[in-house]
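Asker: Sharing a model prediction with you, sequence too.
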Amino acid sequence: MTVRDLVVDLCAEHLDAVTGDPVPLQALVGLLAACGVAEPSTRAAASALRRAGWLTASRRGRETLLAPTAALRAAVTTRCDRVRSRLGPWDGEWRMVVYGVPETDRAARERVRRGLARAGFGPLAPATWVSPHAAALEEVRAELAGERTSRLDLLTARVADPRLSDADLATRCWDLPRLAAAWTRVLDRLRAVADAVPQGPAALGRHLRLRADVRAVLTGDPLLPPALQPEAWPAREVRDAWADAGARLAAAARAHVAEVLGAVTPRTAAWSGLPAGARRERARGGGSEVLRQRWTPDMSG
């Protein structure tokens, strides 16, 4: 997790739900303090996002105002869409990539491996990676478009050896026990939230950090179809817990953001004129709905 990730999640999950107006940089500093982020780190992350075109800056007197751009929202949407593309029914076929990289270009080899992992592939052999997802080949074609490879074969295959099941193949390509343990740790944190949902800054800090925890586990999760998942795969329980405890936590976090911004910036038409209590109720009511709309079983959305 980086401070930049926290700023993006704060914008996408909370600021856009509360206001369409630019937000003072100092308000971002105060909000991210709930995650233990120091002011210089927040300012540096905001500057980096401005340079990347993900935030715009304006002035109001001596204040710097920031607002998320269409590029930031598009990046979040693309990330969610990529995950959703892996969640349809499985057709029983494996997508396979066989590649070659010049022996002298070790950096390129590492970039290719990272690109394959991002596209949902796992290593069957050192230069042969597989994925069960129909969209995987197009994803990896885009991921590796600029790489210097001596060979890049994109294939579709089925398991022909009667001694090897598809589930067995999955266990060879991914460390599923490690992933299960990581999802179980996330589930334990969600259950702790269900027992006592924090309020105020603590709710925002917990929500943003839980999202970061989920993303960290998700990075290595191939999102296997149910037919390839081990029994009692904990990610299924994480989905249910996030839809319940996660939604209540998000609502409490959003209520805190609304209170902070209500003190420092004008409300948009949807929020203007509402008393503090009404803003809290609006934020709480919207929280679970946004979670339901954005939810995908991988917890990315």
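Answerer: That came through, no problem. Just so we're clear, the structure is a prediction, and the values are computed from it rather than from any experiment. Residues are numbered from 1 along each chain as shown.

Asker: Would you map the helices across the stretch 151-300 of the chain?
Answerer: 166-173, 176-195, 200-218, 235-241, 247-264, 276-294 (DSSP state H, counting those that start in this stretch).

Asker: Buried residues, the longest one. List them.
Answerer: In other words, helix 176-195. For helix 176-195, burial by neighbour count (16 or more other C-beta atoms under 10 Å) applies to 176, 179, 182-183, 186-187, 189-190, 193. (C-beta placed from N, C-alpha, C; glycine too.)

Asker: Just the closest of those residues to residue 139, please.
Answerer: Of all the buried residues of helix 176-195, residue 139 sits closest to residue 179, with 19.9 Å by C-beta to C-beta.

Asker: so how far is residue 41 from the closest one?
Answerer: 30 Å (C-beta to C-beta, to the nearest Å).

Asker: pLDDT score for residue 272?
Answerer: Looking at residue 272, its pLDDT is 34.

Asker: Correction: the previous question concerned residue 144.
Answerer: We note a pLDDT of 87 for residue 144 in this prediction.

Asker: which residues does it contact?
Answerer: The contact partners of residue 144, by C-beta atoms under 8 Å, 6 or more residues apart in numbering, come to 99, 112, 115-116, 152.

Asker: There's contact between residue 252 and residue 193 in this structure, I believe.
Answerer: No - Residue 252 is beyond contact range of residue 193, at 9.6 Å (criterion: C-beta atoms under 8 Å).

Asker: Residue 220 - nearest residue in space that isn't next to it in sequence?
Answerer: residue 179 (6.3 Å; C-beta to C-beta, 6 or more residues apart in numbering).

Asker: cool, and residue 123?
Answerer: Residue 123 sits nearest to residue 129 (C-beta to C-beta, 6+ apart), 5.3 Å away.

Asker: Is the one you found bridged to anything, and to what?
Answerer: residue 97, residue 123 (DSSP bridges).

Asker: residues touching it, list them.
Answerer: 96-97, 99, 116, 121-123, 173.

Asker: Equivalent analysis for residue 113, please.
Answerer: Counting by C-beta under 8 Å, 6+ apart, residue 113 has contacts residue 123.

Asker: And the contacts of residue 129, which of them are buried?
Answerer: Listed as buried from those are 96-97, 99, 116, 121-122, 173; burial here means 16+ other C-beta under 10 Å.

Asker: quick one: which two of those are the most distant?
Answerer: Spatial extent of the buried ones among the contacts of residue 129 (C-beta to C-beta) is set by the pair 99 and 173 at 15.4 Å.

Asker: Walk me through the domains of the chain.
Answerer: Listed by automatic domain parsing, the domain ranges of the chain are 3-74, 94-157, 176-294.

Asker: Out of the ones you listed, flag the one nearest residue 166.
Answerer: Here domain 176-294 is closest among those (C-beta to C-beta), at 5.9 Å.

Asker: Return the distance of the closest one from the chain's centre.
Answerer: 12 Å (C-alpha atoms, centre = their mean, to the nearest Å).

Asker: cool, stretch 170-183 as well?
Answerer: Put simply, stretch 170-183 sits 19 Å off its chain's centre (C-alpha atoms, centre = their mean).

Asker: avg pLDDT for that stretch?
Answerer: Stretch 170-183 comes out at a mean pLDDT of 95.

Asker: Residues contacting it, please?
Answerer: 122-124, 129-130, 132, 216-217, 220-222, 224, 228, 230, 233-235, 238.
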